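Asks: Predicted coordinates and the sequence they were generated for:
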Amino acid sequence: MYVVVSPAGPDGYALSFLDDSGEEEQQGELVATDELGEAVEAIELESPRWVWHDTAATYSQILEAGVRVERCHDLRLTIALLRLSSLTSGTGLAMSPPGPWDTAITSPKPSVAGNRSGNELSFDDDKPEGFGTGRDSSGEDDAGSDNAEGNASGVAQPTIDEFRLQLETVRAATEPNRLRLLIAAESAGALIAAEMTHAGLPWREDVHDALLTELLGPRVAPGLRPARLEQLATIIQHELGSPGLNTDSPAEVLKALRAAGLSAETTRSWELQALDHPVIEPLLEYKKLSRLLSANGWSWMESWVTDGRFSPEYVPGGVVSGRWATRGGGALQLPKQVRRAVTADEGWKLVVADAAQLEPRILAGVSGDLIMARAGQGADLYAGIVASGAVESRAQAKVAMLGAMYGATTGESGRLLPRLAAAFPAALTFVEDAARAGERGEVVTSRLGRSSPRPGEDWWEAQAAAREGAGSERERQRARQQARDWGRFTRNFVVQASAADWALCWMADLRRRLCALGTAALGTAALGTADLGTAALETAALGTAALGTAALATAHGPGRAAEPFGTVPHLVFFLHDEVIVHAPESLAEAVADALRSASASATKLLFGEFPLTVPLDVSIVDSYADAA
DNA sequence: ACGATTCGCGCG
DNA sequence: AAAGCGCGCGAATCGT
């Protein structure tokens, strides 16, 4: 069953019920915004798939009411996939001009730092053109239920139509099941993103403050330099013999370095490291600490940490490869320096898991390179590559693999590539083909059907001009450069995007297992971990395990603030190939098992019987800094 | 004075 | 050792 959620009037939603083929099976109903969570909770007992324009906008409100849902279909994320996918190229949907469904719903009030509540929406103000049915559904609904139901169907029609179009487009696709899995995974990712933003990453401000004080000196007002930075600045000025030097200005620092007889082209740290001069050490320390202060100092904490939680906004589908982006607080770049502050609540643990060498393993999978897959049977793929005889050291194996996936041409990496190609011809041919396709301006596609964008107008014009021999030699050279650049992008895309496919499946499967764990833990009997297996997962396209509504209901008793997680272990952080689960201590070991089972499930979903393994590094810790 | 771009560095 | 992919962010710098 599908339940389509559409905006209706200034302060409400229409819920429409569709059967599995998309036919309307019963009259819809209208609910006010502040009743949405309650209505969803009741319907969720039937395990529907929720269909809505934008998960981030709608699901956050449901979470505010303390309610979670098991699965959804995000119309905006799906249309983005279907527009670009090579599996649906040429379809009406792919060729249609951009419309309202392509646009995210933005909340009227820009989200205030750390404000994890009150994210109300006004569809009247914000809905893009094209939604209107010309009918006013607000107002005298009391007149009779017939009237209300009629309006519910009317306002819901554009949403229902778009959903049916997307279903039909998938049905007609080259490989519908592959796309269905991708869409289910992408939508599950959107649910997870909203839940992680809602939950936040447990953050100890006192630990963070102590750490800053130790490294920088006591806290000072914004704009002022803490003691340690002041001290280092003075030393630098002295060593360079320029008392007025502004150590924060790269241009001034560079000038001063050259005046002191040092041959630097830039002030980048790695370049400075090569220089031999007494100023280098204090200068490097200054840059490091200055970075810490500006990126993750006290004002960062003030802006982004509230009530012991760091709550960045995750942006699923924010990168064309399917990786997520984030907004706010630089969540993609939490320095190792400050991870000490990420600390489990009392009685809870952080279960930190990292998919070891994910991208090269995924390359083995997408290219069907059995030799490389075999090299990855152990815990360390790079050690396996050394054992295969392709290169001498682990360091070489790593730099060569990265070079293969990124398109290195020079340096040690470039030199090692022929040896890698000889040892693993299937894998290297695969990325090489992807690069050649990109150089021709063609589209490449991930394991589950996410395709790369085509290069822009400028790119094509430059190529055309160069082909016709027009323009200067310089312009032709530039065109070749652009072609190679795009080739490196598509070369990497097939790996990065397939790894993102895997990570989404991993998390979606993990989420179901975590919910099952929470339910089992609250039951009277020890039910153990629910292992639903791959077959069940495939038929369900990511999501049939009950979310444990009973557990959730128990978790927020009457009179308490609604809390959608209660004692259920839940994801609190995700970074490409790494997750953090916040779990009650008693469940931590079971969560670690769930993480590994989910890895196996995801690998099987993507690669079937191909003998690929994605081992995890799992740590059960109190602080993120203690993770392996 | 202010928006756009670049630099430099953090993460995978 | 410092290239080859993908990001976000703050400060400095550039352009108008």
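Replies: Ah, there it is.

Asks: Quick check: the residue nearest the centre of chain A vs DNA strand B, distance?
Replies: Central residue of chain A (CA atoms, centre = their mean): A:Trp324, 2.7 Å from the mean position. Noted for A:Trp324: a distance of 11 Å to DNA strand B, by CB to the nearest atom of the strand, to the nearest Å. Every C-beta, even on glycine, is put in place using the N, C-alpha and C of the backbone.

Asks: Can you check the pLDDT for that residue?
Replies: As predicted, A:Trp324 sits at a pLDDT of 96.

Asks: That one touches A:Pro312, doesn't it?
Replies: No - contact criterion CB atoms under 8 Å: A:Trp324 and A:Pro312 do not qualify, at 10.3 Å.

Asks: Which pLDDT does the model give the residue of chain A positioned farthest from its centre?
Replies: The outermost residue of chain A relative to its centre, with distances by CA atoms, centre = their mean, is A:Gly241 at 47.6 Å. On pLDDT, A:Gly241 comes in at 91.

Asks: who's in contact with it?
Replies: A:Gly241 is in contact with A:Ala259, A:Ala260, counting by CB atoms under 8 Å, 6 or more residues apart in numbering.

Asks: what's the weakest-modelled helix or strand in chain A?
Replies: Lowest on mean pLDDT, DSSP states H and E among the helices and strands of chain A sits helix A:123-126, with a mean of 35.

Asks: Show me what from the stretch 101-250 of chain A comes close to DNA strand B.
Replies: Residues of the stretch 101-250 of chain A found near DNA strand B (CB under 7 Å from any atom of the strand) are A:Pro250.

Asks: can you rerun that using 10 Å?
Replies: A:Ser249, A:Pro250 (CB under 10 Å from any atom of the strand).

Asks: Within range of DNA strand C, give me the residues from the stretch 101-250 of chain A.
Replies: Residues of the stretch 101-250 of chain A lying near DNA strand C by CB under 10 Å from any atom of the strand: A:Ala113, A:Pro222, A:Gly223, A:Asn246, A:Thr247, A:Asp248, A:Ser249, A:Pro250.

Asks: Which of those are buried, as a PyMOL select command?
Replies: Restricted to buried positions by 16 or more other CB atoms under 10 Å, the PyMOL selection for these reads:
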select buried, chain A and resi 247
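
Asks: Identify, from the residues of the stretch 101-250 of chain A next to DNA strand C, the entry nearest to A:Pro316.
Replies: Minimum distance to A:Pro316 across these is 20.9 Å, recorded for A:Ala113 (CB to CB).

Asks: Where does pLDDT dip in the stretch 451-600 of chain A?
Replies: Scanning the stretch 451-600 of chain A for pLDDT under 70 picks out A:522-562.

Asks: can you give me the helices in it?
Replies: Assigned by DSSP state H, counting those that start in this stretch, the helices in the stretch 451-600 of chain A fall at A:457-467, A:473-522, A:533-540, A:549-555, A:588-607.

Asks: about what we covered before: what residues does the residue nearest to the centre of chain A make contact with?
Replies: A:Trp324 touches A:Gly189, A:Ala193, A:Tyr314, A:Val315, A:Pro316, A:Gly317, A:Gly318, A:Phe574, counting by CB under 8 Å, 6+ apart.

Asks: Next, give me the two most distant ones among the residues you listed.
Replies: Among the contacts of A:Trp324, the pair separated by the greatest distance (CB to CB) is A:Gly317 and A:Phe574, at 13.5 Å.

Asks: helix/strand/coil for the closest residue to A:Trp460 other than its chain neighbours?
Replies: Sequence neighbours aside, A:Gly441 is the residue nearest to A:Trp460 in space, at 6.5 Å (criterion: CB to CB, 6 or more residues apart in numbering). Using DSSP: H, G, I helix; E, B strand; the rest coil, the structure places A:Gly441 in coil.

Asks: does A:Gly441 really touch A:Arg454, like I thought?
Replies: Yes - A:Gly441 is within contact range of A:Arg454, at 6.5 Å (criterion: CB under 8 Å).

Asks: any idea how far the residue nearest to A:Trp460 lies from A:Ser86?
Replies: For A:Gly441, the distance to A:Ser86 (CB to CB, to the nearest Å) stands at 14 Å.

Asks: So for these two, which sits in the more crowded spot?
Replies: A:Ser86 (18 against 15; other CB atoms under 10 Å).

Asks: which residues does A:Val572 contact?
Replies: A:Met196, A:Ala199, A:Gly200, A:Leu201, A:Pro202, A:Leu350, A:Ile580, A:Val581, A:His582.
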